[in-house]
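In: pasted the sequence and its predicted model underneath.
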Amino acid sequence: MDNKFSKIWEEIEKEKCITPDIKEYFGLPNSFDKYGVDYITGTDYQNYDDELKALLRVFISFIKKDDAGDADNKTKVVLIVGQAGIGKSTFISHFTAEVGKIISQKRFVDGKYKTPVGTLGFSAKLLTLDEFLNKLNKDEKRFGLLDDKEKQILFLEDLQELFLEENSKHDYRKEFFERIKKYNNCFIILTTTVTNWSNLIKLSPEIKYNFDEIINLNGLNNEYLLNIYNDRIKPNKFQIPESKVNYIINLVDRNPRLLFFFFNHLFDKVYKDRGINISDEDIEFVKSKLGFNLLLELEHLSKTELYLLNELTAMDKMYPTLIASKTALSRITVTQNLNRLENMGYIIKEKIRKNVFYNLKLAIRNKLERNILVNMDSKQNGGKLDY
């Protein structure tokens, strides 16, 4: 049977609980990652038709030659904004596949378009802005981004920190945009999550003029989440009632990463208990693990606690010193409130070498980011923010 979901989702946190034994116990599809949640596959993106067309329109204008047969060497920059786990990386993979189809068409033989000769991409998720710019400086020299006459595509993902409110004397954002303006023949796609972008566009609306297109991804509807479940998750040896599957799909609120994580933990729980079916108690256990049970309690938090939770949506992992510098709260106040939020179950503390980081539980992050989208002052038009 043809698998509609052939693109790789690379935005998944590195949590591993699905082992070969669990796969065998449930009869999970071969396409289910046997080593855990390192990636999931995406959809055919009929849900994002308008957004994909908008991106392709900019790309085609980038490669099209004029009547004299000359191609403009001006660089074009597109920003893709979306929640964590909503599908930004997979959307880019789907775009890349569409570009491959375009390039293989006859019109390239006719010389109406100039074919890109190279693709460069990396994620800035674990890099500071200084580290990111240093890497970009090395890559632009290595790949000739400043003087190359050939068309190139550049993917720069997870640029959450680029859109943070400035917390240092050095204006890294200004340096970044001044640098890429010097590139020749580059089609640049940037991705970021919604929190920093929504704050920045209010404080500095002129930031939008750095982009040829701004695309907002709002998540997959239930039809496509069900397709993902049927093709990538549905077990062969367990019958999960349709009502339970639909309940979980509604619960994750358009977020495919959260859907995958939910079933990942659900299978792990039932396997450890050697269960013979999926019970309501199993589902409630996973809801608690991912933070769903706390969503209705958000309104009862103090202003400082809720403020810090929203700040944690800005980055994948944040440490107290960075939070304190962003919020003007003291380090002691930040640490005390974070410890309290950890004890209540809203956040997770992680130690990497000597550094302590905090991260939101997935359901909490998804809810807060959805709230940001709902409350954004801009009108939405076909999934694209109308700035």
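Out: It's in. Note that the structure is a prediction, hence the values are computed from the model and not measured. Numbering: from 1, shown residues only.
In: now the element after the strand or helix carrying residue 140, going C-ward?
Out: Assigned by DSSP states H and E, residue 140 belongs to helix 129-142. Sequence-wise, the next helix or strand downstream of helix 129-142 (DSSP H and E) is strand 152-157.
In: all strands of the stretch 201-350 of the chain, in order?
Out: Along the stretch 201-350 of the chain, the stretches classed as strands by DSSP state E, counting those that start in this stretch are 213-217, 347-352.
In: distance to residue 49, mean pLDDT and mean neighbour count added to those strands, as CSV?
Out: Just so you know, the C-beta spots here come from the backbone N, C-alpha and C atoms, and that holds for glycine as well. Formatted as CSV, those follow (distance: least, CB to CB, whole Å; pLDDT from 0 to 100; neighbours: other CB atoms under 10 Å):
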stretch, distance to residue 49, mean pLDDT, mean neighbour count
strand 213-217, 12, 93, 22
strand 347-352, 36, 83, 13
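In: what's the closest of those to residue 368?
Out: Judged by CB to CB, the one of those that comes nearest to residue 368 is strand 347-352, at 11.5 Å.
In: partners of that closest one, with directions?
Out: Paired strands of strand 347-352, with direction, are strand 355-360 (antiparallel) (DSSP bridges).
In: give me the contact list for the partner strand.
Out: 291, 309, 312-313, 316-320, 323, 338, 342, 346-351, 368 (CB atoms under 8 Å, 6 or more residues apart in numbering).
In: what sits up against the helix or strand where residue 372 lies?
Out: Using DSSP H and E, the element containing residue 372 is helix 362-375. Helix 362-375 has contacts (CB under 8 Å, 6+ apart) with 83-85, 193-195, 198, 216, 218, 252-255, 257-258, 261, 287, 290-292, 294-295, 298, 309-310, 312-313, 346-347, 360.
In: got the buried residues for that helix?
Out: For helix 362-375, the neighbour count (16 or more other CB atoms under 10 Å) marks 362, 363, 364, 365, 366, 367, 368, 369, 370, 372, 373 as buried.
In: how close does the second one sit to residue 275?
Out: I take that to be residue 363. Distance, residue 363 to residue 275, using CB to CB, to the nearest Å: 22 Å.
In: do a quick rundown of the helices in this structure.
Out: For the chain, applying DSSP state H gives helices covering 20-26, 49-63, 88-103, 129-142, 172-180, 194-203, 222-228, 242-251, 256-273, 280-290, 303-312, 320-327, 331-344, 362-375.
In: elements contacting the fifth one?
Out: Just to be clear, that refers to helix 172-180. helix 129-142 (3 or more CB pairs under 8 Å, 6 or more residues apart in numbering; DSSP states H and E).
In: export the helix it packs on to PDB, keeping only CA atoms.
Out: Coordinates of each C-alpha in helix 129-142 appear next as PDB, following Å, rounded to 0.1, in the frame of the first residue of the first chain:
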ATOM      1  CA  LEU A 129      23.200  33.800  18.700                       C
ATOM      2  CA  ASP A 130      27.000  34.400  18.800                       C
ATOM      3  CA  GLU A 131      27.600  30.800  18.000                       C
ATOM      4  CA  PHE A 132      25.000  30.800  15.200                       C
ATOM      5  CA  LEU A 133      26.500  33.900  13.600                       C
ATOM      6  CA  ASN A 134      30.000  32.400  13.800                       C
ATOM      7  CA  LYS A 135      28.800  29.300  12.100                       C
ATOM      8  CA  LEU A 136      27.000  31.300   9.500                       C
ATOM      9  CA  ASN A 137      30.200  33.300   8.900                       C
ATOM     10  CA  LYS A 138      32.100  30.100   8.200                       C
ATOM     11  CA  ASP A 139      29.400  28.600   6.000                       C
ATOM     12  CA  GLU A 140      29.000  31.700   3.900                       C
ATOM     13  CA  LYS A 141      32.700  31.700   3.000                       C
ATOM     14  CA  ARG A 142      32.700  27.900   2.500                       C
END
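In: tell me the mean pLDDT over it?
Out: On average, the pLDDT along helix 129-142 is 80.
In: list the buried ones in it?
Out: Neighbour counts over helix 129-142 (16+ other CB under 10 Å) mark 129, 132, 133, 136, 139, 140 as buried.
In: try stretch 299-318
Out: Judged by neighbour count (16+ other CB under 10 Å), stretch 299-318 contains these buried residues: 301, 304-306, 308-318.
In: now, among these, which is nearest to residue 333?
Out: Nearest to residue 333 out of these is residue 304 (CB to CB; 7.2 Å).
In: for the closest one, what are its contacts?
Out: For residue 304, the contacting residues are 329, 333, 337, by CB under 8 Å, 6+ apart.
In: right, and the helices of the chain - which one's nearest residue 121?
Out: Among the helices of the chain, helix 88-103 comes nearest to residue 121, with 8.1 Å by CB to CB.
In: residues in contact with residue 258?
Out: Contacts for residue 258 (CB under 8 Å, 6+ apart) come out as 85, 252, 290, 362, 363, 366.
In: could you do residue 342 as well?
Out: By CB under 8 Å, 6+ apart, the contact set of residue 342 is 348, 349, 358.
In: span of stretch 298-309 from start to end?
Out: End-to-end distance for stretch 298-309: 10 Å, by CA to CA, to the nearest Å.
In: nope, stretch 225-241 is what I was after
Out: First-to-last residue span, stretch 225-241, CA to CA: 16 Å.
In: buried residues in that stretch?
Out: Quick answer for stretch 225-241 (16+ other CB under 10 Å): 225, 226, 227, 228, 229, 231, 232, 233, 234, 235, 238, 240.
In: show me which of these is closest to residue 179.
Out: Nearest to residue 179 out of the buried residues of stretch 225-241 is residue 228 (CB to CB; 38.0 Å).
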